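A.B. asks: output the structure for:
(chains A and B)
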Protein chains: 2
Amino acid sequence: MSELVKKAQLLQAVSSEMAVKTTEQKNEALRLIAKELLAQSTFIIEENEKDISKGRENGLNESLIDRLALSQQRISEMADALNQLTELNDPIGDVIDEWSRPNELQINQVRVPLGVIGMIYEARPNVTVDATSLCLKTGNAVLLRGSSSASYSNQALVQVIHDALKKSSLPYEAVQLLHDTSRETASEMFKLNEYLDVLIPRGGAGLIQTVVINASVPVLETGVGNCHIYLDETAKKDMGISIAVNAKTQRPSVCNAAETILVHEQWAQEHLGDLIVALQEKNVQIRACKRANELVDGLHEAVEADWSTEFLDYIVALKVVSNVSEAITHINEYGTKHSEAIISETDVNIADFFQRVDAAALYHNASTRFTDGFEFGFGAEIGISTQKLHARGPMGLTALTSAKYIVRGTGQIK
Amino acid sequence: MSELVKKAQLLQAVSSEMAVKTTEQKNEALRLIAKELLAQSTFIIEENEKDISKGRENGLNESLIDRLALSQQRISEMADALNQLTELNDPIGDVIDEWSRPNELQINQVRVPLGVIGMIYEARPNVTVDATSLCLKTGNAVLLRGSSSASYSNQALVQVIHDALKKSSLPYEAVQLLHDTSRETASEMFKLNEYLDVLIPRGGAGLIQTVVINASVPVLETGVGNCHIYLDETAKKDMGISIAVNAKTQRPSVCNAAETILVHEQWAQEHLGDLIVALQEKNVQIRACKRANELVDGLHEAVEADWSTEFLDYIVALKVVSNVSEAITHINEYGTKHSEAIISETDVNIADFFQRVDAAALYHNASTRFTDGFEFGFGAEIGISTQKLHARGPMGLTALTSAKYIVRGTGQIK
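C.D. replies: Numbering: from 1, shown residues only, chains lettered A, B, ... in the order given. I've put the predicted structure just below:
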């Protein structure tokens, strides 16, 4: 039997044990993992250094090396995150709904774990601890499939997690790392419906699309954000500029950063120059439509592809539109249904935008950068779902749960 | 451009129009479809007869012919169901949750349609009307892919639906039937993530598995039910027998019918003979384990495969177990996580069963036959989900919805 099937079977077997653990048992395990990470940090860093020298030999660039690197500080941050997670409400066992029927059946809908979660991720070893902790907190078993370039680090981290779990009342077998990081085995994992309840890919668009396209196991898709800021005719000048600049430049590399700014023609007449200056002060390259180029000199001319590009960089596309309807049409055509904002003082336009734009999160007079589990107050984040099934938008702990119906009778038959 | 892509694009284009229709506009459309079905029933039945004679020529058996056949009465039933659907609460626009953040962002989570739903089903033309009506009620656009053996019927029904929608304020393009019923086109439809938000297969296990295994579009999986009735040591004799007989025989062909009866050894000592007699009176063939065969003469001996078979017939597997724990282990090993019942008067056993059995619906002292959208009080049923993502158990109208976050600010930036 392959390593994959063996581990998946084991996970399924312990998942029912995990499902009945109390909140205190799960929190104790999280605290023990935090403690063990700190106690064994030297070992973890030594193993991580093997991945780093392997990466340097293979010519990884410094930004990838940085994503791969673990330090005392990063390990402390992991431990802190684990301890913070113990403070969050445990959703398992929550009664979602309850009612009774005319035949006196009493129906309760109760939150339960998903079961076995397959995590597929790239060369960030911190995901090993992060994903594991969220799965354990929600009573799930987890199969980790990390990148081969982080093998030493991941194996060390899982060994430390196992050491901690052996001191806890959770079964240490509830966390399994695939040592076989071949593509063939990943493809097999995508189709392992018999043992896996869900797959969660975490990483770049390429990884996520590979999983979405090839998996028969249900996928929680997190993904790209081609987000827009629409400055309506009545947008307050300073607020509009401040939100557009923030959404573009506060952290350009993330999915909730803005990629296109749409500007109402009237607002553009009066304030476009000031917006451009504010963006250029932050070193943003502006790729503008013809109408914008007629209003302001010296901008790059946008090409069709710019409207659908997630730049993730100090680059923004800019388009002048005639009204809110044109903005909505543009967003629904080019957007990725992630986060979209309207800056306006006109109620009817705001309502129209909220109703007709199809996206996970819609904003009025605020930056798209708030689409985030922590900013939404969930206390944790699995990712930001860009699909419409199960969970949409920022996913907190409840996204890692399912439900079951508990029906109490007194002999009812049909 | 293929018929599939052309229709899918059209559906996506009208889906945003559908999303903003009012409850009254949608209900009016449903009433108009009901009226049009009755008005054009002669035409529908004529077209249906073409499918039936084609079916007879191709040697379809009478039970399949019966599933295919439309009569005045069946058309009336469809019309009644449409009118009943107008009475149900429209979930679109419901506020699921609302809160504010320390930075004064106001967050509302609002229910919205899924968008474009792909329905894939077998030779039951009533599904054409049923699926369409549920999708329209929830503001979705729908792509119908029925069986080639029901082509005339489906085309007639969709023509009638279009005639009705043209009199309504919904876009008639929101309902599209694929005339191309080839396997190749179905396979293409499974991968049409660009235009389809979800696929819902309705039919036998073979169809559902084909879709689950091959689709990259998210699937709402409805499926097989290998359901169990466990008669615990303290089960009341008459109640236990009545529920076991009901769950097996009231309608053996459906997914929530019982397939295996598990009996506590003590209960078996005292009452197994009476249970057997009651089942045999209903012409149920009993495939029993060794211990049951020692207690009662003349039963068939069960083979391993019987524990995992969904008989959908007057056949039941029967096993004597030593305690509730053995029953739970058996169910979690062989069950399909659909519906499971314990008949018992022992609180600790009932609690154990509820906690440790992993299934969509768990029953105490009631028949598994109640796992059904109507019995649960949902007023409609899309199907019974056997997966853990999005919806689990009977699915009402809300299973055809997603959500979006509406965030109201006053200039907040990050």
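
A.B. asks: how about the residues of the stretch 201-350 of chain A near chain B?
C.D. replies: Proximity of the stretch 201-350 of chain A to chain B, by CB under 8 Å from any CB of the partner chain, involves residues A:212-216, A:218-220, A:236, A:239, A:242-243, A:246-247, A:250, A:332. Every residue, glycine included, has its C-beta placed from N, CA and C.

A.B. asks: for the residues you listed, which ChimeraX command selects only the ones that are buried?
C.D. replies: Here is the ChimeraX command that picks out the buried ones among these, judged by 16 or more other CB atoms under 10 Å in any protein chain shown:
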select /A:212,214,215,216,218,219,220,236,239,242,243,246,247,250,332
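
A.B. asks: and the furthest pair within the residues of the stretch 201-350 of chain A next to chain B?
C.D. replies: Spanning the widest gap among these are A:Ser216 and A:Lys236, at 50.1 Å by CB to CB.

A.B. asks: is A:Ile286 in a helix, a strand, or coil?
C.D. replies: Assigned by DSSP: H, G, I helix; E, B strand; the rest coil, the conformation of A:Ile286 is strand.

A.B. asks: in space, what's closest to it - neighbours in sequence excluded?
C.D. replies: With sequence-adjacent residues excluded and distances taken as CB to CB, 6 or more residues apart in numbering or on different chains, A:Ile286 is closest to A:Leu299, at 5.0 Å.

A.B. asks: what about the one you found, neighbour count?
C.D. replies: Neighbours of A:Leu299 under the rule other CB atoms under 10 Å in any protein chain shown: 18.

A.B. asks: over to it: give its phi and psi.
C.D. replies: Dihedral pair for A:Leu299: phi -90, psi 160, per degrees, to the nearest 10.

A.B. asks: could you check how far it is from chain B?
C.D. replies: Note on A:Leu299: its distance to chain B, by CB to the nearest CB, to the nearest Å, is 24 Å.

A.B. asks: what sits against that residue?
C.D. replies: By CB atoms under 8 Å, 6 or more residues apart in numbering or on different chains, A:Leu299 lies in contact with A:276, A:286-288, A:292-293, A:318.

A.B. asks: please repeat the previous calculation with a cut-off of 6 Å.
C.D. replies: With contacts taken as CB atoms under 6 Å, 6 or more residues apart in numbering or on different chains, A:Leu299 has the following neighbours: A:286, A:288, A:293.

A.B. asks: how far away is the first one from chain B?
C.D. replies: A:Ile286 sits 19 Å away from chain B, taking CB to the nearest CB as the criterion.

A.B. asks: then the second one?
C.D. replies: In this structure, A:Ala288 and chain B are separated by 23 Å, where distance is defined by CB to the nearest CB.

A.B. asks: now do the last one
C.D. replies: A:Asn293 is 27 Å from chain B, where distance means CB to the nearest CB.

A.B. asks: circling back: filter the residues of the stretch 201-350 of chain A next to chain B down to the ones in strands?
C.D. replies: Among these, no member falls in strands (DSSP state E).

A.B. asks: out of the residues of the stretch 201-350 of chain A next to chain B, which is nearest to B:Ala391?
C.D. replies: Nearest to B:Ala391 among those: A:Pro218, at 11.5 Å, using CB to CB.

A.B. asks: shouldn't the closest one be in contact with B:Leu389?
C.D. replies: Yes. Using CB atoms under 6 Å, A:Pro218 makes contact with B:Leu389 at a distance of 4.6 Å.

A.B. asks: okay, buried residues for stretch A:75-92 please.
C.D. replies: A:75, A:78-79, A:81-82, A:85-86, A:88, A:90-92.

A.B. asks: and the pLDDT at A:Gly240?
C.D. replies: For A:Gly240, the pLDDT comes out at 98.

A.B. asks: same question for A:Val224.
C.D. replies: 83.

A.B. asks: that's a helix at it, yeah?
C.D. replies: No. In this structure, A:Val224 is coil, not part of a helix, as judged by three-state DSSP.

A.B. asks: give me phi/psi at A:Lys167?
C.D. replies: Backbone phi and psi, for A:Lys167 under degrees, to the nearest 10, turn out to be phi -90, psi -10.

A.B. asks: separation between it and chain B?
C.D. replies: 25 Å.

A.B. asks: so how far is A:Val160 from that residue?
C.D. replies: Applying CB to CB, to the nearest Å, the value for A:Lys167 to A:Val160 is 12 Å.

A.B. asks: next: A:Thr309.
C.D. replies: 41 Å.

A.B. asks: neighbour count: the two, which is higher?
C.D. replies: Taking neighbours as other CB under 10 Å, A:Thr309 and A:Val160 compare with A:Val160 leading, 23 against 18.

A.B. asks: separation between that one and chain B?
C.D. replies: Counting by CB to the nearest CB - A:Val160 and chain B are separated by 30 Å.

A.B. asks: wait, what's in contact with that residue?
C.D. replies: A:36-37, A:40.

A.B. asks: how about a cut-off of 7 Å?
C.D. replies: If you count contacts by CB atoms under 7 Å, 6 or more residues apart in numbering or on different chains, A:Val160 has them with A:36-37, A:40, A:44.

A.B. asks: surely A:His271 meets A:Met239?
C.D. replies: No. A:His271 lies out of contact with A:Met239 (CB atoms under 7 Å); the separation is 11.1 Å.

A.B. asks: the lowest-mean-pLDDT helix or strand in chain A packs against which elements?
C.D. replies: Lowest by mean pLDDT, DSSP states H and E among the helices and strands of chain A is helix A:62-68, with a mean of 90. Contacts defined by 3 or more CB pairs under 7 Å, 6 or more residues apart in numbering or on different chains; DSSP states H and E place helix A:62-68 against helix A:41-57.

A.B. asks: for the helix it packs on, list the C-alpha coordinates in CSV.
C.D. replies: C-alpha atoms of helix A:41-57 as CSV (Å, rounded to 0.1, in the frame of the first residue of the first chain):
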residue,chain,number,x,y,z
SER,A,41,13.5,25.5,18.0
THR,A,42,17.2,24.7,17.5
PHE,A,43,16.4,21.4,15.9
ILE,A,44,13.8,23.0,13.6
ILE,A,45,16.2,25.8,12.5
GLU,A,46,18.9,23.2,11.8
GLU,A,47,16.6,21.2,9.6
ASN,A,48,15.3,24.4,8.0
GLU,A,49,18.9,25.3,7.1
LYS,A,50,19.2,22.1,5.1
ASP,A,51,16.3,23.2,2.9
ILE,A,52,17.8,26.7,2.6
SER,A,53,21.2,25.4,1.4
LYS,A,54,19.5,23.0,-0.9
GLY,A,55,17.5,26.0,-2.2
ARG,A,56,20.6,28.1,-2.7
GLU,A,57,22.2,25.2,-4.6
